[in-house]
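> Model the structure of this input:
(one chain, ligands or ions: 1)
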Amino acid sequence: MITKILIATLSMAGISGLLAIILVIAERYLANYGECKITINNQKDLIVKGGSTLLSTLNSQKIFLPSACGGRGTCAYCKCKVIDGVGPLLPTEEPLLNKQEIENQIRLACQVKVKQDMLIEIPEELFNIKEFETRVTLIQDLTHDIKLVRLQLIEPYEIFFKAGQYVQLITAPYAGVKESVSRAYSVASASHEHDHVDLMIRLVPEGICTTWVHNYLNENERVKIIGPMGDFYLRDGEGEIIMVAGGSGMAPIVSLLEKISKEDIERKVTYFFGAVRKKDLFYIDEMRNLENEIGNFTFIPALSAPEPEDNWDGETGLITEPLDRYLSRSDNATSQAYLCGSPGMINACINVFVKHGITRDRIFNDPFA
Ligand code: FES
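Now for the predicted structure:
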């Protein structure tokens, strides 16, 4: 009896698997959606070839929706309103959309496909996102696993962005990787410098883009970027600015600090930077220089697991620990928090900020996608 059930179960699973494969093949090779019209904001019509995702179809028309994950359906940045011409919500979209967004016809552009005429709405400011041709003029080791990459703009030759925003870096095919991918990196350079962008890129094991940058990209090569994107930027206010970052999360914070310095913003600024050992710390001299340039700025690096040979006498523990100690003795009534790092670090820090009375509307974050 058990054998029969097992055989029946395996048969069903086999048939389902086979059907799924046939559907994928049919979708790829047989489905021909022909030309489709995408109407944007009831103002602009695009005639496009159907069959690709809305995100890549718009990209091919030089309309760039934000995307931090390169279309893998994890960042939720590519949300846009699809009023007509789309099927039901996909299982890959559901976890990233809340009830209100679903009611408002918000979809993930990287997941829905263009199969018929569509009516969509996107914010006007997204029309300012451009593709830039650049040249690599500097690749520099910041730590054993983080590199600074400077991209000089060629065409267009200027970029205008808000400190804290990011760009998408487009890889070239290399070794066994046959297709280009795009990944988001915060701009580390100052927003008043328009002719280049600096990126800080940490090597992620098996990461397609980071492996390319660390092991294949060379100075003088040409690289494409798309941007600027993102809503992580300095908000108006009078209170203290408390920043927290880890690893390459340093990048947008540097850009924010450069802005604060350049514009002589007279607010108290405190920056907590978390690293594991001393060899993971970088930009210490730059931070000490900024402490001299910005009237009321303190940089607080903390190591979670210093080695004896590090001779570390600074703050220790996870970054939440010195942050917690600091917030318990500061006036947080009007403070704002700016966080960049892993989602785990950001969530842990948000809990600490909220515990000390910094409400969610004063917490801004830029999680790694
Ligand atoms: S680009 Fe769609 S979820 Fe990231």
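> Can you show me the strands along the stretch 1-150 of the chain?
35-40, 44-49, 79-84, 106-108, 118-121, 130-141, 146-155 (DSSP state E, counting those that start in this stretch).
> gap between the fifth one and the chain center?
On the basis of CA atoms, centre = their mean, to the nearest Å, the separation between the geometric centre of strand 118-121 and that of its chain is 25 Å.
> looking at it, residue 66 is touching residue 229, isn't it?
Yes - using CB atoms under 8 Å, residue 66 is in contact with residue 229, at 4.2 Å. Backbone N, C-alpha and C define where each C-beta goes, glycine included.
> what sits in contact with each of those two?
Counting by CB atoms under 8 Å, 6 or more residues apart in numbering, the contacts common to residue 66 and residue 229 are 77, 129.
> who's more crowded, these two?
Just comparing residue 66 and residue 229: by other CB atoms under 10 Å the higher neighbour count belongs to residue 66, 25 against 22.
> how about the more buried one, what does it touch?
Residue 66 makes contacts with 77-78, 126, 129, 229-230, as judged by CB under 8 Å, 6+ apart.
> any idea how far residue 59 is from it?
If you measure residue 66 against residue 59 using CB to CB, to the nearest Å, the figure is 12 Å.
> near the ligand, which residues of the protein show up?
Counting by CB under 6 Å from any ligand atom, the residues of the chain close to the ligand are 67-69, 71, 73-78, 108, 110.
> Would you mind checking the residues you listed for buried ones?
67-69, 71, 73, 75-78, 108, 110 (16 or more other CB atoms under 10 Å).
> Would you convert the residues you listed into TSV that also reports pLDDT?
Below are these laid out as TSV (pLDDT from 0 to 100):
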residue	pLDDT
67	89
68	84
69	87
71	90
73	93
75	90
76	92
77	91
78	94
108	97
110	96
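> What is the nearest of those to residue 280?
For these, the closest approach to residue 280 (CB to CB) belongs to residue 68, at 23.1 Å.
> thinking again about what came up before, of the contacts of residue 66, which is the nearest to the ligand?
Among the contacts of residue 66, residue 78 lies closest to the ligand (CB to the nearest ligand atom), at 3.5 Å.
> Excluding chain neighbours, what is closest to that closest one?
residue 109 (4.2 Å; CB to CB, 6 or more residues apart in numbering).
> Repeat that for residue 187.
For residue 187, ignoring the flanking residues on the chain, the nearest one in space by CB to CB, 6+ apart is residue 197 at 4.8 Å.
> Quick one, grab the pLDDT at that neighbour.
As predicted, residue 197 sits at a pLDDT of 98.
> Count the neighbours of it for me.
By other CB under 10 Å, 29 other residues sit near residue 197.
> do you know how far it is from the ligand?
Distance, residue 197 to the ligand, by CB to the nearest ligand atom, to the nearest Å: 20 Å.
> Okay, and the beta partners of that residue?
For residue 197, the beta-bridge partners are residue 151 (DSSP bridges).
> who's in contact with it?
Counting by CB under 8 Å, 6+ apart, residue 197 touches 134, 150-151, 153, 159, 161, 167, 187-189, 225, 227.
> quick one: low-confidence parts of this protein?
Along the chain, segments meeting pLDDT under 70 span 1-31, 368-369.
> okay, now the domains of it?
Domains of the chain are assigned by automatic domain parsing as 35-126, 129-229, 241-367.
> Distance to residue 235 for those domains - can I get that in CSV?
Output for the domains of the chain, formatted as CSV (distance: least, CB to CB, whole Å):
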stretch, distance to residue 235
domain 35-126, 17
domain 129-229, 10
domain 241-367, 6
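> Which parts of the chain are helices?
Shown for the chain, the helices assigned by DSSP state H span residues 2-25, 54-60, 99-103, 208-215, 250-262, 284-293, 320-327, 343-355.
> Tell me the buried residues in the shortest one?
In other words, helix 99-103. Residues residue 101 are the ones in helix 99-103 that count as buried (16+ other CB under 10 Å).
> and if you look at the last one?
For helix 343-355, burial by neighbour count (16+ other CB under 10 Å) applies to 345-346, 348-350, 352-353.
> Please apply the same query to stretch 237-254.
For stretch 237-254, a neighbour-count test (16+ other CB under 10 Å) marks 240-254 as buried.
> again, but for stretch 123-130
Neighbour-count burial for stretch 123-130 flags 129-130 (criterion: 16+ other CB under 10 Å).
> can you check stretch 196-215 too?
So for stretch 196-215, counting by 16+ other CB under 10 Å, buried means 196-203, 209-214.
> so how far is it off the chain centroid?
With CA atoms, centre = their mean, you get 13 Å for stretch 196-215.
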